[in-house]
Every structure is written in C-alpha cells, then in structure tokens.
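Colleague: Sequence isn't available, so here's the structure alone:
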C-alpha cells in the first residue's frame, strides 16, 4: 500500500469522524420541539437525517437538495485544513480504531480463525496497543483531496437522525479501505496476517467504527468533555460557518444552531448521542434473539418521542436480569394471536426499566410511549398522538395521511383505523408491538367517563400486541388481558437485586473503597443491602449513588436506610435541614414542586410561593442533588425525580406541621397559572 493510499484512508476516516461529530449537534438543535414547531415540522422528533438536512436546505438561499447539502458539508469538513490538523479529532478516531482491534482480538471468532491458520490472536492485541501512536504518525500531506467521501443518502439519513438508535446502523469506509489499512499497519510492525484474518478484522472496522467513535465521545462527555469537547465545538462552528456561507437565512435554525456554544451543552448532546444498549449477559442474549424474531431488525427504528427516549436511557443504566419476565413476554407473543400483556407491580421495583429494556431488545421497532407524571406526560391525547405518528412514520403511511384528521386524538377511532391498516400489511410472522409504561400515572379525569385508560381499544386486530405496566390498583382496562404479577416472583427478584449490586460494586472503585473502609467482604455488602432494599431497584440506585458521592462516608452498613420509605425520610430531613427561618419556604417550594406536572422554572416557583426569585434560588442551590434539572429554552427547570418520592412528599406530615395552608397554596397555584406565571 502506498503512502498516498494510507494518507487518503486517514483523510477519509477523519472526514467521516468530523461529519459524525457535528451531526448530533445539528440534529439535536433541529429536533428541539420549539424549532420543529416554528418551522412547521412535526413536533415529535421524528425528523430523520434527510428531513433534518431538508429543513436546513429549505432555509438556504437558492435551490439545494438535502443529500447534496449533506455531502457538501461532509466534503468541506473532510478537506478543511483546521480539521485535518486537529490533533484531538485524530486522537479520537485513533482511540476508536484501537478499541475495536482490542475487542476483535479477544473475540472467539477471531481466535478460531487464527488457530485454523496456525496464527496467534495476540498479534492483533499487540497491534491494538500501538494503534494510537501509529495512527498519529500517518502524514496526510500526500493525500489526494479531490476524492470526496460520497456518503450515500441512506447513510446521511442515519448520521443526521434525531433518533439515537439509527446511529448504530452507520458504517463508514468500505471493508476494502480498512483491509488496506490493516495490512499496511501490520507491515509497519513487521507482521503479516492471513487474508481471512484481515477480511474479518476489516469487516468489524467497517461495521463498528462509527459506534466505537461514538463511545469514545460519550465516555469523554461523561467526564465533562475534558478531551474532546473543544474539538466538537470547533467542528460545530466550522459547519455553522459553512451553512452561513451557503446562505442559510432561517433565523430560527440559526439561533438554535448558534445556541450550541458551550462545553456543557456539547456534553449534554454527546451523552445522548447513541442508544444506551444493555450489557446483555449470556442468558439475556438468547431472550433478545427470541424477541427479535417478531420484528424486522433491518427496518428503521420508530420515531420515539424525546421524552420517552430520555426515560429509556435513564432507566436502562446498569440493567440486570429479569430473564423470567422476558420469557413470559416471549411466551405471550409466541402463543397469542393478539392482546394485552400487563406487567403489574408495586412502585420502585423496576417496571419502567423492564419496559425500557424491552424497547431496546426490540431495537426500537415497537410503538413506544412512557407516561410520566414528573414530565407532565399524563393524558390520552399525548399517547394517541405519539402512537399515531409512530405508526404513520414507521409503516410508510405518510402519503396517505399527510396531515392528521380533525379530532384524531380525542378518542381511539383513528388509532383503530391505523391498527387495522398496519396489521393487514404486516409481513408474515412479524408483529405490531406497543410498549406503554406507567398506566397508573395517566390522568383519567381528562378522558370520557367510562373509557379505558388512554382509550386503549377493547378489540385488537390480529398480530397487534400491547405490553404495558401498571401498579396493582384498579384501572379501567380492556377485559381480555394477560396479567403478570411481578410481586409473585420474590425469589427471582432477589437474585436480580443481588446481581445488580454485584455489577455496580464491580464497576465502581468508590463503592469498593466504602466497602473496604467498613471492613466488609463484597458478598456481605451485597447480601445486607439486598435485604434493606426490599427488592426495590430505585432504592438500590439512590443508595449506591449516594455511597459513590460520599454522602454515607460517615455511615456504617447497619445505619444505611432500611427500605425506600426510610430512605425518603432521611432524604427529606436532609432537604429541610436545621435553618428554621427557611423551613416554611422550603416546605412551600417542595409542595408546589410535588404538585407540578412538569419541570418548572425558578420564576414560576417564586410566583407560586409569593417569594423573591433570590430567596427561591437560595433554597434550590442547596437541593442540587435532590431534584432533577433540565435545560429548556436556555433556563433551568426543576422537578421531582421519581413519582414515589413525589407521593412521599404529598403525604408528609411536615407540610401540615409547618403551618402551610395547603388549600390556599392550591388556589394560589391555579391563580398564578391563570395570571401567566412563568412555567
């Protein structure tokens, strides 16, 4: 392989890396609901790659096709000297390549091929260690910059998609490009590989480089963007300058693209860059394969709403076990021609995490809706809109339904019509699957009296299935349903709790340090905390997070909270503290937060409790670790992180003992909304 070819390969990799780095910022900005609404784009972030590029292209003076715009941006980024000389970009790409080579070197497939060729897989592992050094040494001055990246329309759609799961299907350079790179790399180290080994490694690089590159950026974002955030910000600014040069005139787009201007914002986007997949253990890998028989894995993922995607990514962290639940779901899908599978359990035991894992296992090829009281997703209209949009987008019905019928979301008539159409068109053996979480958080008062929760149809067409979750309390539901009571599986749940604890402690040096400081063995810690948790995963997550943060540095194992209720009681006492002069204000603030059905601003809170913005800020600053915060339109908004904590606060006697007039607070909240309190 000539040095020119090697330089060309590096330039092409850097070009791909640049466009894959800048695309998430652009996609995140355009998929912002406020932008989509202003531009007349469907409010759900269903805008796929070409739709995002088409939206930008529509705001450019003169005519330009979306695909041409994407390739023009890619070409300019690939040839920009500031990009080619960007040390951090080169380093990030090199780390991704090294990561893949290490992973491939340990794979059973590569080891088997190497043995059949009387070769050693360790040679590839040694090569992986040299990757960063070798990659940096390749001189790009000899590269032929007349060669374009020629990214296909399909790949551009995936790269610029607002749906994070689509990024998993991005490929990149051809296997032939990667094969030449591997051969030259090996030669430079005095090694040669059999053609079958080279082909296998090249195929892995082709299929997984974008994912590995994404992982490098995500890991950096998790540490505050210390290594690559500045590089990504530079990429974004270069791309924005190019769009301005092309004549991008739409002020709404420009404002949102320019808003991505800080390292923190870059990290927020990168943290959501890829679908967080479950670290599938061997026993779950088989279940995943069984579930995927019912969908078309090659089809595009359905356009999941941003709120649902955020919940999925949060709940799927460190997901462990639950094999027996997925086996029951698989059996239901295998044996029933249609119907409802109801996962029923008490709060905090992981219903949302199970359904989030189900969505991921189905590769997001299911209609997905996560109700959430803290996020204000609590009514049937929102569900019907999300479901209908996903069915129309996912089953190619946009030509038939360019706009939604009038009153489409007032009842289930339109949903029923769509279900009939997609059921009739579903391919042999494939099923139309809905995953709907937290039915108990739905506001039934907003529905017609006597209707099913979310207007779920009593009768479903063939091959249509709903997998839903709820608490044990009564809800109006379709009469024919399969109920899976998770509370009847205590032994299995306890084993999963212990597996989760073992997994978290193994991954965290801080937790291990706390265990060692207590003079404990890890098995003792796992057994004791599993007992205290009462098999509630939300307890485990909170307590382990606080051990890592140092909250329990002066607390021994016996004094850790026993159960979720005791945890919340200690949590609440920490929030209230000993400042008597602020007690009433704290209670008022936490009360209005517990009643708010979405994230609210500091200004809204101040007006609701009739205090100054400064006074409210003093309290909220002390509660950073207790409240969930999110950026909306450039301001911080606050809400309660889980509905179980909200319910604990609503019944807490301190509210009454502090002399707060609850009824008056409710009236004030209503009057403030009517008076335009800033939400």
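Modeller: Everything's here; your move. What you see is a predicted model; the values in this text were computed from it and never measured.
Colleague: Could you pull out the helices in the stretch 401-550 of the chain for me?
Modeller: 413-425, 490-507, 509-517, 522-533, 537-549 (DSSP state H, counting those that start in this stretch).
Colleague: now the ones you listed in TSV, with distance to residue 207, mean pLDDT and mean neighbour count?
Modeller: All C-beta atoms are positioned from the backbone trio N, CA, C, and that covers glycine. Output for these, formatted as TSV (distance: least, Cβ to Cβ, whole Å; pLDDT from 0 to 100; neighbours: other Cβ atoms under 10 Å):
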stretch	distance to residue 207	mean pLDDT	mean neighbour count
helix 413-425	30	89	17
helix 490-507	27	89	18
helix 509-517	33	89	15
helix 522-533	37	90	18
helix 537-549	33	84	20
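Colleague: Minimum distance to residue 193: which of the ones you listed has it?
Modeller: helix 490-507 (33.8 Å; Cβ to Cβ).
Colleague: Against which helices or strands is the closest one packed?
Modeller: Using 3 or more Cβ pairs under 8 Å, 6 or more residues apart in numbering; DSSP states H and E as the contact test, the elements touching helix 490-507 are helix 509-517, helix 522-533, helix 537-549.
Colleague: residues in contact with the shortest one?
Modeller: In other words, helix 509-517. 504-505, 521-522, 525, 544, 547-548, 550, 552-553 (Cβ atoms under 8 Å, 6 or more residues apart in numbering).
Colleague: Off-centre distance for that helix?
Modeller: 29 Å (Cα atoms, centre = their mean, to the nearest Å).
Colleague: by how many degrees do that helix and helix 522-533 diverge?
Modeller: 100 degrees (axes from the mean of the first three to the mean of the last three Cα atoms, to 10 degrees).
Colleague: before we move on, the earlier item: just give me the closest of the contacts of helix 509-517 to residue 615.
Modeller: The shortest gap between residue 615 and any of those belongs to residue 550, at 28.5 Å (Cβ to Cβ).
Colleague: Quick check: that closest one vs residue 501, distance?
Modeller: Residue 550 sits 19 Å away from residue 501, going by Cβ to Cβ, to the nearest Å.
Colleague: One more: residue 327?
Modeller: 23 Å.
Colleague: Could you tell me which residues make contact with residue 391?
Modeller: 367, 397, 415, 418-419, 422.
Colleague: In terms of helices and strands, where is it?
Modeller: Using DSSP states H and E, residue 391 sits in helix 380-394.
Colleague: same thing with residue 342?
Modeller: Per DSSP H and E: strand 339-344 holds residue 342.
Colleague: Need the contact partners of that strand.
Modeller: 325, 328-329, 332, 351, 354-355, 456, 460, 465-472, 477-478, 480-487.
Colleague: Could I get the average pLDDT for the helix holding residue 391?
Modeller: In this model, helix 380-394 carries a mean pLDDT of 91.
Colleague: Over to stretch 434-442?
Modeller: For stretch 434-442, mean pLDDT rounds to 93.
Colleague: Tell me where this protein has strands.
Modeller: 339-344, 367-370, 432-437, 464-470, 482-485, 600-601, 628-632, 635-639 (DSSP state E).
Colleague: Next, format these as CSV and append distance to residue 311 and mean neighbour count.
Modeller: Output for the strands of the chain, formatted as CSV (distance: least, Cβ to Cβ, whole Å; neighbours: other Cβ atoms under 10 Å):
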stretch, distance to residue 311, mean neighbour count
strand 339-344, 16, 21
strand 367-370, 4, 27
strand 432-437, 8, 25
strand 464-470, 12, 23
strand 482-485, 21, 14
strand 600-601, 19, 20
strand 628-632, 11, 14
strand 635-639, 13, 17
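Colleague: Pipe the ones you listed into JSON lines and attach distance to residue 287 per row.
Modeller: JSON lines is the format used below for the strands of the chain (distance: least, Cβ to Cβ, whole Å):
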{"stretch": "strand 339-344", "distance to residue 287": "15"}
{"stretch": "strand 367-370", "distance to residue 287": "19"}
{"stretch": "strand 432-437", "distance to residue 287": "15"}
{"stretch": "strand 464-470", "distance to residue 287": "14"}
{"stretch": "strand 482-485", "distance to residue 287": "15"}
{"stretch": "strand 600-601", "distance to residue 287": "40"}
{"stretch": "strand 628-632", "distance to residue 287": "31"}
{"stretch": "strand 635-639", "distance to residue 287": "34"}
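Colleague: Which of the helices of the stretch 401-550 of the chain sits closest to residue 616?
Modeller: It is, among these and with distance given as Cβ to Cβ, helix 537-549, at 24.4 Å.
Colleague: relative orientation of that closest one and helix 509-517 in degrees?
Modeller: Using the same axes, to 10 degrees, helix 537-549 lies at 80 degrees relative to helix 509-517.
Colleague: okay, the angle between helix 537-549 and helix 490-507?
Modeller: Using the same axes, to 10 degrees: helix 537-549 against helix 490-507 is 20 degrees.
Colleague: tell me the contacts of the closest residue to residue 177 other than its chain neighbours?
Modeller: What sits nearest to residue 177 in space, not counting adjacent residues and going by Cβ to Cβ, 6 or more residues apart in numbering, is residue 9, at 5.5 Å. With contacts defined as Cβ under 8 Å, 6+ apart, residue 9 is in contact with 173, 177, 180-181.
Colleague: farthest pair in these?
Modeller: Most distant of the contacts of residue 9, by Cβ to Cβ, are 173 and 180, 9.8 Å apart.
Colleague: For the residue lying closest to residue 28 once chain neighbours are set aside, the count of nearby residues, please.
Modeller: Leaving out its chain neighbours, the residue that sits closest to residue 28 by Cβ to Cβ, 6+ apart is residue 269, at 4.7 Å. Neighbourhood size, residue 269 [other Cβ atoms under 10 Å]: 19.
Colleague: One more: residue 338?
Modeller: So residue 338, with other Cβ under 10 Å, has 17 neighbours.
Colleague: how much space is there between residue 340 and residue 199?
Modeller: 48 Å.
Colleague: hang on, I meant residue 137
Modeller: For residue 137, the distance to residue 199 - Cβ to Cβ - is 25 Å.
Colleague: With residue 157 instead?
Modeller: For residue 157, the distance to residue 199 - Cβ to Cβ - is 28 Å.
Colleague: more crowded one of these two?
Modeller: residue 157 (22 against 17).
Colleague: Report the separation between that one and residue 256.
Modeller: From residue 157 to residue 256 the distance is 21 Å (Cβ to Cβ).
Colleague: ok, now residue 604?
Modeller: Taken as Cβ to Cβ, the span from residue 604 to residue 256 is 23 Å.
Colleague: who's in contact with the residue nearest to residue 8 when sequence neighbours are not counted?
Modeller: In space, and not counting its chain neighbours, residue 8 is closest to residue 143: 5.2 Å by Cβ to Cβ, 6+ apart. Applying Cβ under 8 Å, 6+ apart to residue 143 gives the contacts 4, 7-8, 10-11.
Colleague: at 6 Å what do you get?
Modeller: Contact criterion Cβ atoms under 6 Å, 6 or more residues apart in numbering gives 7-8, 11 as the residues in contact with residue 143.
Colleague: And residue 628, what's its pLDDT?
Modeller: 68.
Colleague: for residue 145, same thing?
Modeller: 66.
Colleague: Only whichever of the contacts of residue 9 are buried, select them in PyMOL.
Modeller: In PyMOL, this line selects whichever of the contacts of residue 9 come out buried by 16 or more other Cβ atoms under 10 Å:
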select buried, resi 173+177+180+181
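Colleague: With distance to residue 492 and pLDDT as extra columns, can I get the contacts of residue 9 in TSV?
Modeller: Shown next, in TSV, are those (distance: Cβ to Cβ, whole Å; pLDDT from 0 to 100):
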residue	distance to residue 492	pLDDT
173	46	82
177	48	84
180	51	85
181	48	86
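Colleague: what residues does stretch 497-505 touch?
Modeller: With Cβ under 6 Å, 6+ apart, stretch 497-505 has contacts from 318, 320-321, 511, 522, 526, 529-530, 533, 535, 544.
Colleague: coming back round to it: what angle separates the strand holding residue 342 from strand 464-470?
Modeller: Using the same axes, to 10 degrees: strand 339-344 against strand 464-470 is 10 degrees.
Colleague: Okay then, goodbye and thanks.
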